[in-house]
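Enquirer: Fold the following for me, if possible:
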Amino acid sequence: MTVPTTDGGGGGWLRSGQVAAAAGVNRQTLRYYERRGLLREPERTPGGHRLYPAEAVTLLQVIKTAQRLGFTLEEVAGLLEAGTHRHGRRRGRPDAGLRESARAKLTEVEAKITDLRVIAGTLRQALEAGCDDLVACAAEEGCPLPFADLAGADTEADAAEPGNGEKGIEVTVRCADTACG
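Expert: Residues are numbered from 1 along each chain as shown. Next up is the predicted model:
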């Protein structure tokens with residue numbers, strides 16, 4: 001990608017507005033990433049304007065892509081840090097930090113997908129049962145929404161593994177053909 005720069009070419013310095021526009025972020029994002037240590041503090045003009053190297057656009061695109069893949073900014077910082085320590089490695093050697101992080105993130109995403117499929121199935125059953133009032137439905141014995149099951153599963157999971165109250169919830173639908181409420 002060739003980005004117009006302050007020197008008129010494609011490889012010089014960019015002002016914050018140019019970097020932000022080219023990377024699809026706003027100026028506040030640039031400053032935030034600087035504070036977080038994801039983006040180096042830029043050079044300054046004599047008038048105080050920020051000047052970024054053209055590579056900053058690529059770095060911002062990498063950060064945003066990693067976020068879209070589910071990585072937190074803290075995780076992105078770790079990946080970027082690991083990458084800066086490996087510039088001298090032999091070509092063809094895989095970056096274990098990225099591979100391990102991607103593998104862990106994939107496992108996390110697959111677990112979320114499994115949870116979302118359970119939720120989607122439960123919502124379908126609630127729609128099929130004709131549930132239209134959460135309070136009334138919760139009071140019905142045949143309600144397909146797992147109010148009691150979720151509360152019990154969260155309590156048991158929280159006691160067993162802090163922070164994992166949403167994991168491993170199994171939904172049992174008692175009846176899907178009886179309208180709730």
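Enquirer: Longest helix in this protein, please.
Expert: Longest among the helix segments of the chain by residue count, using DSSP state H, is helix 96-129.
Enquirer: buried stuff in it?
Expert: Neighbour-count burial for helix 96-129, counted by 16 or more other Cβ atoms under 10 Å, picks out 97, 101, 105, 122, 125-126, 129. All C-beta atoms are positioned from the backbone trio N, CA, C, and that covers glycine.
Enquirer: what about the helix or strand just after it, average pLDDT?
Expert: Per DSSP states H and E, the first helix or strand lying C-terminal to helix 96-129 is helix 134-139. When pLDDT is averaged over helix 134-139, the result is 81.
Enquirer: now the strands for this protein?
Expert: Assigned strands in the chain, in chain order: 13-15, 43-44, 50-53 (criterion: DSSP state E).
Enquirer: shaky segments in the protein?
Expert: Applying pLDDT under 70 to the chain picks out residues 1-11, 84-96, 147-181.
Enquirer: From residue 114, how far off is the nearest residue to residue 145 once chain neighbours are set aside?
Expert: Here the nearest residue to residue 145 in space, its sequence neighbours aside, is residue 126; by Cβ to Cβ, 6 or more residues apart in numbering that works out to 5.4 Å. Noted for residue 126: a distance of 19 Å to residue 114, by Cβ to Cβ, to the nearest Å.
Enquirer: how much space is there between the residue nearest to residue 145 and residue 65?
Expert: Separation of residue 126 from residue 65 (Cβ to Cβ) stands at 36 Å.
Enquirer: do the same with residue 79
Expert: With the distance defined as Cβ to Cβ, residue 79 ends up 11 Å from residue 65.
Enquirer: neighbour-wise, which of these two wins?
Expert: Under the neighbour definition other Cβ atoms under 10 Å, residue 79 and residue 65 were set side by side, and residue 79 has more, 18 against 11.
Enquirer: Just the CA coordinates for stretch 71-80, please, in PDB.
Expert: Included here for stretch 71-80 are C-alpha records, laid out as PDB according to Å, rounded to 0.1, in the frame of the first residue of the first chain:
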ATOM      1  CA  PHE A  71      -6.900 -11.200  20.800                       C
ATOM      2  CA  THR A  72      -7.000  -8.700  23.600                       C
ATOM      3  CA  LEU A  73      -4.600  -5.700  23.400                       C
ATOM      4  CA  GLU A  74      -2.600  -7.300  26.200                       C
ATOM      5  CA  GLU A  75      -2.200 -10.400  24.100                       C
ATOM      6  CA  VAL A  76      -1.400  -8.400  21.000                       C
ATOM      7  CA  ALA A  77       1.300  -6.600  23.000                       C
ATOM      8  CA  GLY A  78       2.800 -10.000  24.000                       C
ATOM      9  CA  LEU A  79       2.800 -11.100  20.400                       C
ATOM     10  CA  LEU A  80       4.400  -7.900  19.200                       C
END
